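Q: below: sequence and its predicted model.
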Amino acid sequence: MQGLMMDYQLTLRPILERAYKLFPKREIVTKVGPAMHRYTYADLYQRTGQLAHALEKLGVKAGDRVGTLAWNTYRHLELYFGIPCMGAVCHTLNLRLPPDQLIYIINHAADKVIFVDQTLLPLLEKIAAHLKTVEHFVVMTNTPLQTSLPNALSYEELLAAEPTEYNWPDLPENTAAAMCYTSGTTGDPKGVLYSHRSCYLHAMSVCFGDGLGLTSSDIMMPVVPMFHVLAWGLPYAATMLGAVQVFPGPHMTPRDLVELIQAEKITITGGVPTLWLGILNLLESERYDLSSLRSMVVGGSAAPQSLIEGFQKKHNVRVVHAWGMTETSPLGTVCNLKREMFDLPEEEQYHIRAKQGIPSPCVELRAVDEAGKEVQWDGKAMGELQVRGPWVASNYYNDDRSVGRFEGGWFRTGDVVTIDEEGYIQIVDRTKDLVKSGGEWISTVELESAIMGHPGVLEATVIAVPHPKWQERPLALVVPRPNAEPPSKESIYAHIAPHFAKWQLPNDILFVESIPKTSVGKFDKKVIREQYKDYALPERA
Ligand code: AMP
């Protein structure tokens, strides 16, 4: 027997309309140069209507891909809604990809129109001749156009010519809404195509109390770029609730961000650990009022325990650790303590909070060993993390590399994990980053986290270096904290030694000025491994 409930389609249109009807005066704020641009959800709604008309005039039809090359701004938010709500697909382009990969993803997605921030024009101008499908470039600026791009149009002029009311279509919920390419550390990036339904349900999960716990009273600032997994769904979730949104634009230094937190009284924000490490370091020497901040979500790579403890103990800011991937929209796990853990000793609580957490409601996870068997939940047995759920990809977009990654209804993440008795997942490593030493595996993530707990260390990464006897051995690269006493190798070894077996310790520790990062701010281990592949490791006694 069938249930007798409405077959209500989960699309982005009602999210936008609700914010307009219930929160027309709520602000959306963007840092533009030294000034702030402020407008409201009513403005967002009306300009999104104008945008939809303009897209139609440019010949954009249902299912067409429309690229965005932009920072986190109110205009990018207009594109987040205007493009999918009129039936097209919002393809966010990662502005830090090397030119050949940018060309690849634009051609692979067959983008018809690209919207570009004025400051990012040089990136596009350089590659425009290689773009096979783009018919128009729309430049997002208030000033007269100055560009060598063919068929360039002004965003503001396009919008100004259109009415604010648009007759939004009723789309089936499985209509494609947006697409993001993986940051592609090996080979070409792979396309993930999100549906209206997946964006809607994922936004709900961001709002769950046991998710990221967003509410309509929040002032939310996404520091994670809008070109990286739809800024973790934060803009859709904030609009769903009518929360105030604050966008940093291109102003992403630690000082820019703490100034914004202080001035706009941000309550919740999210980004990758390297960024928060920079902020924690800045706060050692400069004072800012962060008392508005109730939650700082950290994901994208492992948050060292010292980061979580540092913010809590020194600045009373709660860091929430979460795990996800482009393929999982991204929210897969969130680390909130279970009620029974509230009375545990502080140190144990921090230890749990440094794990990646338990599966978000609606997401199923399991860890599988090489024989295809689920591993024990004992916090020790390692397996590959597999995931399924309503906001997990079922395939890559037009890509043979889907074969072997989506099997039996599960997505194989390539992350190696342990799961403890309480279901808390800990990422041990990416399969390809683990150090395979004499038949044993060493987790580079655990070593990094421990080294970053040393007070003289700003950033640390660990890689596998080929070794004649052991196959691979770990090498650590360390960036000393500025304005602190430089750490010695011996003091770092002494700091981490109690937490590891002797054979797990790095053979060497090198001090460097900076560590190469990927396009989304993670340590770029592929590049680092290449740099140090011939490094002659000393033996450790
Ligand atoms: P991306 O698709 O670029 O977001 O990258 C996803 C990958 O980032 C995952 O497969 C993990 O290897 C890594 N990752 C994401 N969040 C975390 C986390 N909290 N801790 C450790 N690794 C993470």
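A: Alright, I've got the coordinates. Quantities reported herein were computed from a predicted structural model and do not represent experimental measurements.
Q: next structured bit after the helix or strand of the chain with the lowest mean pLDDT?
A: Sorting the helices and strands of the chain by mean pLDDT, DSSP states H and E puts strand 440-442 at the bottom, at a mean of 91. Remark: after strand 440-442, the chain's next helix or strand is helix 444-451, criterion DSSP states H and E.
Q: buried residues, that following helix. List them.
A: For helix 444-451, a neighbour-count test (16 or more other CB atoms under 10 Å) marks 444-451 as buried. In short, each C-beta sits where N, CA and C put it, glycine included.
Q: the least confident helix or strand of the chain pairs with which strands?
A: Partners of strand 440-442 in the sheet, by DSSP bridges, are strand 435-437 (antiparallel).
Q: what does the partner strand contact?
A: Applying CB atoms under 8 Å, 6 or more residues apart in numbering, the contact partners of strand 435-437 are 441-444, 462-464, 467, 470-474, 503-504.
Q: sort out which of the residues you listed are in helices and list them.
A: Judged by DSSP state H, the subset of the contacts of strand 435-437 located in helices is T444.
Q: in the stretch 351-500 of the chain, which residue sits nearest the ligand?
A: Nearest residue of the stretch 351-500 of the chain to the ligand: I427, at 3.9 Å (CB to the nearest ligand atom).
Q: circling back to that earlier point, residues making contact with the least confident helix or strand of the chain?
A: Residues from elsewhere that reach strand 440-442, judged by CB under 8 Å, 6+ apart: 382, 416, 428-429, 434-435, 474, 503-504.
Q: surely I451 meets H499?
A: No. Under the criterion of CB atoms under 8 Å, I451 makes no contact with H499, lying 10.3 Å away.
Q: returning to what we had before: what about the least confident helix or strand of the chain, distance to the chain center?
A: Here strand 440-442 is found 28 Å from its chain centre; the criterion is CA atoms, centre = their mean, to the nearest Å.
Q: same question for stretch 22-33.
A: The answer for stretch 22-33 is 22 Å, by CA atoms, centre = their mean.
Q: can you check stretch 379-398 too?
A: Averaging C-alpha positions (CA atoms, centre = their mean) puts stretch 379-398 17 Å from its chain's average.
Q: one more: stretch 260-271?
A: In terms of CA atoms, centre = their mean, the centre of stretch 260-271 is set 17 Å apart from its chain centre.
Q: list the buried residues for it?
A: Those would be 260-262, 264, 266-271, for stretch 260-271 by 16+ other CB under 10 Å.
Q: and what of stretch 30-46?
A: For stretch 30-46, the neighbour count (16+ other CB under 10 Å) marks 30-32, 36-37, 40-46 as buried.
Q: ok, residues contacting that stretch?
A: 16-17, 19-20, 23-29, 72-74, 77-78, 81, 164, 239, 242, 246-249, 251, 256, 260.
Q: tell me how far the ends of it are from each other?
A: The stretch stretch 30-46 measures 18 Å between its terminal residues, going by CA to CA, to the nearest Å.
Q: for it, give the mean pLDDT please.
A: The pLDDT scores in stretch 30-46 average 97.
Q: and whichever residue of the stretch 51-200 of the chain sits closest to the ligand, what does it touch?
A: Going by CB to the nearest ligand atom, the ligand is nearest to S183 of the stretch 51-200 of the chain, at 4.2 Å. Shown in contact with S183 (CB under 8 Å, 6+ apart): 94, 97, 189, 228, 326, 518-520, 522.
Q: pLDDT score assigned to it?
A: We have a pLDDT of 75 for S183.
Q: okay, helices next: where are they in the stretch 301-450 of the chain?
A: 305-315, 346-353, 444-451 (DSSP state H, counting those that start in this stretch).
Q: in strands only, show me the buried residues of stretch 260-271.
A: Those of the buried residues of stretch 260-271 mapping onto strands are 268-271, per DSSP state E.
Q: the nearest residue to E56 once chain neighbours are set aside: neighbour count?
A: Among residues not flanking E56 along the chain, M86 sits closest, at 6.9 Å (CB to CB, 6 or more residues apart in numbering). Burial of M86 is recorded as 26 neighbouring residues (other CB atoms under 10 Å).
Q: same deal with K436?
A: Neighbours around K436, by other CB under 10 Å: 14.
Q: could you say which helix or strand holds V246?
A: Using DSSP H and E, V246 falls in strand 244-247.
Q: what about that strand, distance to the chain center?
A: How far strand 244-247 lies from its chain's middle: 17 Å, per CA atoms, centre = their mean.
Q: average pLDDT for that strand?
A: 98.
Q: packing partners of it?
A: Of the remaining helices and strands, those touching strand 244-247 by 3 or more CB pairs under 8 Å, 6 or more residues apart in numbering; DSSP states H and E are strand 27-32, helix 74-85, strand 219-222, helix 234-241.
Q: so how far is the first residue of stretch 84-92 from its last?
A: With CA to CA applied, stretch 84-92 spans 12 Å between its terminal residues.
Q: which residues are contacting that stretch?
A: Contacting residues not belonging to stretch 84-92 are listed as 11-13, 16, 48, 52, 55-56, 60-68, 79-80, 83, 105, 109, 111, 166, 168-169, 171, 175-180, 193, 196, 199, 226-228, 230 [CB under 8 Å, 6+ apart].
Q: okay, T326 and P84: tell me how far apart.
A: For T326, the distance to P84 (CB to CB, to the nearest Å) stands at 17 Å.
Q: ok, Q305 next?
A: Distance from Q305 to P84, by CB to CB: 39 Å.
Q: okay, the two: which has more neighbours?
A: The residue with more neighbours, out of Q305 and P84, is P84; 26 against 21, by other CB under 10 Å.
Q: what's the local residue count around the residue nearest to that one when sequence neighbours are not counted?
A: Residue nearest to P84 in three dimensions, not counting chain neighbours: A177, with 3.8 Å by CB to CB, 6+ apart. Around A177 there are 28 other residues, counting by other CB under 10 Å.
Q: name the element A177 belongs to?
A: Using DSSP H and E, the element containing A177 is strand 176-181.
Q: by how many degrees do that strand and helix 74-85 diverge?
A: Taking axes from the mean of the first three to the mean of the last three CA atoms, to 10 degrees, strand 176-181 and helix 74-85 form an angle of 130 degrees between their directions.
Q: what about the next helix or strand after strand 176-181, distance to the chain center?
A: Beyond strand 176-181 on the C-terminal side, the first helix or strand identified by DSSP H and E is strand 191-195. Centroid displacement of strand 191-195 relative to its chain, using CA atoms, centre = their mean, is 15 Å.
Q: what about strand 191-195, near the ligand?
A: No. Interface with the ligand: strand 191-195 contributes nothing (CB under 6 Å from any ligand atom), its closest point being 8.4 Å away.
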